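Undergrad: Build the 3D model from these lines:
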Amino acid sequence: MRRLVSTALLLVSLAGCSVGGGATPVGGATPGGGATPGVGATPSPTPGGSPAWTPETRAIAAVLASDPSFRGFTPSDPGLVGQDRWYEVAPSGSGGFTVTLHIGWGDCPAGCIHQHRLSFEVDAGGQVRLVGGSGDPLPAGLLPGGTAGAAATVAVHASASPTCPVERPGQPGCEPAPVVGSVIVRSPDARIVVQGRTDASGDSMLTVPGGVYLVSVISDARFLSGDTRTVVVSVADGGSVQVIADFDTGIR
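TA: Below is the predicted model of the structure:
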């Protein structure tokens, strides 16, 4: 099911509250403001033993942290109607990555009439270099920095599909199933900022300071695609972002 997303709908607030299980702030975390470790640095472990930060996610975080106006970005997701800020990443030479930020505006629920792209190269040491921009000129104020000090919100929805064999679009009773599990939000220096759980609807809302974060959704159940979904997001003070965690059930 497609979910409507807009800049106004994107969510984030900071008081340690959560929908569906309660968010637990972890003391001493520096919210999204610490130096991003080098792209080639050793990934830090999650409670389950899988890496929290990888060279790819570190490269994304380095770009998003390089300018305070780069807030409200999430991974490219064709299933999100109205997505107006997203990023794409691909390996480049010498162990680095190319990260492209896309900014859309003008009737984005219909696909965004206008779009601007910024491309960055991130080397293995985490150094960021702007290599080009293209598309329509960015209107002034389109990328605001947010309200300093205001709480931000990370909204998570986790679901699993397909739920029917040989599923057809719109087939009744075959909607994606909500996924219950843990949500962990980490700062660029790998410390846990807040953690919570998705509820019976697969939803969780966590509050954080504005910044750049790694969000991991860890399902209680095992799926064909694994039990963890991890993305990098950025959110402005007083702003919000939505994280969609899709799991593959393996039903065919």
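Undergrad: all helices of the stretch 51-200 of the chain, in order?
TA: Using DSSP state H, counting those that start in this stretch, the helices of the stretch 51-200 of the chain run over 55-65.
Undergrad: Any regions of it where pLDDT drops low?
TA: Where the stretch 51-200 of the chain drops to pLDDT under 70, the residues are 51, 144-148.
Undergrad: Strands of that one, start to end?
TA: 74-75, 80-81, 85-91, 97-105, 114-122, 128-135, 151-161, 177-178, 181-186, 192-197 (DSSP state E, counting those that start in this stretch).
Undergrad: Contact partners for L224?
TA: Counting by CB atoms under 8 Å, 6 or more residues apart in numbering, L224 touches D248, T249, G250. Using the backbone N, CA and C atoms, a C-beta is placed for each residue, glycine as well.
Undergrad: for S119, same thing?
TA: Counting by CB under 8 Å, 6+ apart, S119 makes contact with T98, V99, T100, L101, L130, V131, G132, G133, S134.
Undergrad: If you drop the residues flanking it in sequence, what lies closest to the second one?
TA: So the one you mean is V99. Spatial nearest neighbour of V99, chain neighbours left out: V63 (4.4 Å); criterion: CB to CB, 6 or more residues apart in numbering.
Undergrad: That neighbour and S219, how far apart?
TA: Computed as CB to CB, to the nearest Å, the V63 to S219 distance reads 28 Å.
Undergrad: Please say which of the two ends up with more neighbours.
TA: Neighbours per residue (other CB atoms under 10 Å) separate V63 from S219, with V63 holding more: 29 against 21.
Undergrad: how close does that one sit to L118?
TA: For V63, the distance to L118 (CB to CB) stands at 9 Å.
Undergrad: S159 too?
TA: Distance, S159 to L118, using CB to CB: 31 Å.
Undergrad: And for R58?
TA: R58 sits 19 Å away from L118, going by CB to CB.
Undergrad: Count the neighbours of the closest residue in space to G104 that isn't next to it in sequence for me.
TA: Leaving aside its chain neighbours, G104 sits nearest to C112 (3.1 Å; criterion: CB to CB, 6+ apart). Using other CB under 10 Å, C112 has 17 neighbouring residues.
Undergrad: Equivalent analysis for T249, please.
TA: Around T249 there are 18 other residues, counting by other CB under 10 Å.
Undergrad: list the contacts for the residue nearest to it when sequence neighbours are not counted?
TA: In this structure, T249 finds its nearest non-sequential neighbour in A160, 5.0 Å apart by CB to CB, 6+ apart. Applying CB under 8 Å, 6+ apart to A160 gives the contacts P176, A177, P178, V179, S219, A221, F223, D246, F247, D248, T249.
Undergrad: Sitting in strands, which of the contacts of L224 do you find?
TA: D248 (DSSP state E).
Undergrad: Q171: which of the contacts of L224 is nearest?
TA: The nearest member of the contacts of L224 to Q171, counting by CB to CB, is T249 at 14.8 Å.
Undergrad: wait, doesn't the closest one sit right on S161?
TA: Yes: using CB atoms under 8 Å, T249 is in contact with S161, at 6.4 Å.
Undergrad: can you list residues touching both of those two?
TA: Common neighbours of T249 and S161 (criterion: CB under 8 Å, 6+ apart): A177.
Undergrad: separation between A152 and A65?
TA: Applying CB to CB, the value for A152 to A65 is 15 Å.
Undergrad: quick one on the thing from earlier: dump the strands of the stretch 51-200 of the chain into CSV; add distance to R168 as well.
TA: Below are the strands of the stretch 51-200 of the chain laid out as CSV (distance: least, CB to CB, whole Å):
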stretch, distance to R168
strand 74-75, 27
strand 80-81, 21
strand 85-91, 28
strand 97-105, 31
strand 114-122, 32
strand 128-135, 37
strand 151-161, 13
strand 177-178, 17
strand 181-186, 28
strand 192-197, 33
